[in-house]
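> What would the 3D arrangement of this be:
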Amino acid sequence: MFRSTCAVLGLVALVAPMRPDVDAVAFAKAFKAGQADQYKNKQISGTGVSFHGPIKERVADGSTRTSIVVTLGAVAPDGALTPIKTWDEFVAAERARTTLVVALSGPNLPDVPPQPATLSFSGVYDGQRRTIMRPPQAAEGADSGPCPGEQARDAAAGSFHCAPLLTGATATIASR
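Residues are numbered from 1 along each chain as shown. From the prediction side, this is the model:
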């Protein structure tokens with residue numbers, strides 16, 4: 001009896017449809033709208049460009065690992081997404097506060113170059129957030145500021161915004 005039950009459950013697991021990954025653009029738009037909780041513990045996948053280069057983050061055990069910020073594009077007032085491929089387009093979108101980004105954290109992320117690189121990525125949103133600094137060329141203007149709980153102790157110069165963090169992330173560099 002036990003064997004037949006296990007066999008039936010195994011067969012159901014094999015033929016059950018796999019849930020597709022959530023599109024990163026839909027997820028990032030929901031995050032900006034304050035509705036990201038519906039995607040908690042779901043796999044998020046997409047493609048974007050790294051303009052920030054590699055970021056070293058400190059892990060709780062004192063070690064460091066690479067983190068990557070991926071720009072998915074710029075969002076128009078009607079919600080349409082425009083791809084961003086060049087540094088000038090990125091700075092213009094940052095000045096206009098229209099960039100749509102996600103942050104990636106994982107033990108095996110690739111070493112991205114400091115110049116723009118296109119990445120395909122996947123990771124899980126578990127509710128974490130990451131404060132992102134805008135480039136100095138885009139610092140002027142109103143901003144949402146750092147993520148809750150990540151405000152600097154001293155007045156820090158610069159302009160910041162909050163992005164969702166995908167953990168256990170993997171990424172592949174598509175072009176350099």
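> where does this structure dip in pLDDT?
1-19, 139, 141-146, 148-158, 175-176 (pLDDT under 70).
> any chance you could map the strands in it?
22-23, 42-50, 55-58, 64-75, 81-82, 99-105, 117-133, 160-175 (DSSP state E).
> Please identify the most buried of the ones you listed.
When you average the neighbours per residue for each of the strands of the chain (mean count of other CB atoms under 10 Å), strand 99-105 leads with a mean of 25. In this view, the C-beta of every residue, glycine as well, is placed from N, C-alpha and C.
> Report the central residue of this protein.
V102 (1.9 Å; CA atoms, centre = their mean).
> Just give me how far stretch 20-37 sits from the chain centre.
Relative to its parent chain, stretch 20-37 has a centroid offset of 10 Å by CA atoms, centre = their mean, to the nearest Å.
> same question, stretch 80-87
For stretch 80-87, the distance to the chain centre is 16 Å (CA atoms, centre = their mean).
> Equivalent analysis for stretch 38-55, please.
On CA atoms, centre = their mean, the centre of stretch 38-55 falls 3 Å from that of its chain.
> still on that earlier bit, distance to K29 for the strands of the chain - can I get that in JSON lines?
JSON lines is the format used below for those (distance: least, CB to CB, whole Å):
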{"stretch": "strand 22-23", "distance to K29": "10"}
{"stretch": "strand 42-50", "distance to K29": "12"}
{"stretch": "strand 55-58", "distance to K29": "23"}
{"stretch": "strand 64-75", "distance to K29": "7"}
{"stretch": "strand 81-82", "distance to K29": "8"}
{"stretch": "strand 99-105", "distance to K29": "7"}
{"stretch": "strand 117-133", "distance to K29": "13"}
{"stretch": "strand 160-175", "distance to K29": "11"}
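> hang on, the residue nearest to the centre of the chain packs against I44?
Yes: between V102 and I44 a contact is recorded at 7.2 Å, counting by CB atoms under 8 Å.
> what residues do those two have in common as contacts?
Residues touching both V102 and I44 (CB atoms under 8 Å, 6 or more residues apart in numbering) are A24, F27, G123, L166.
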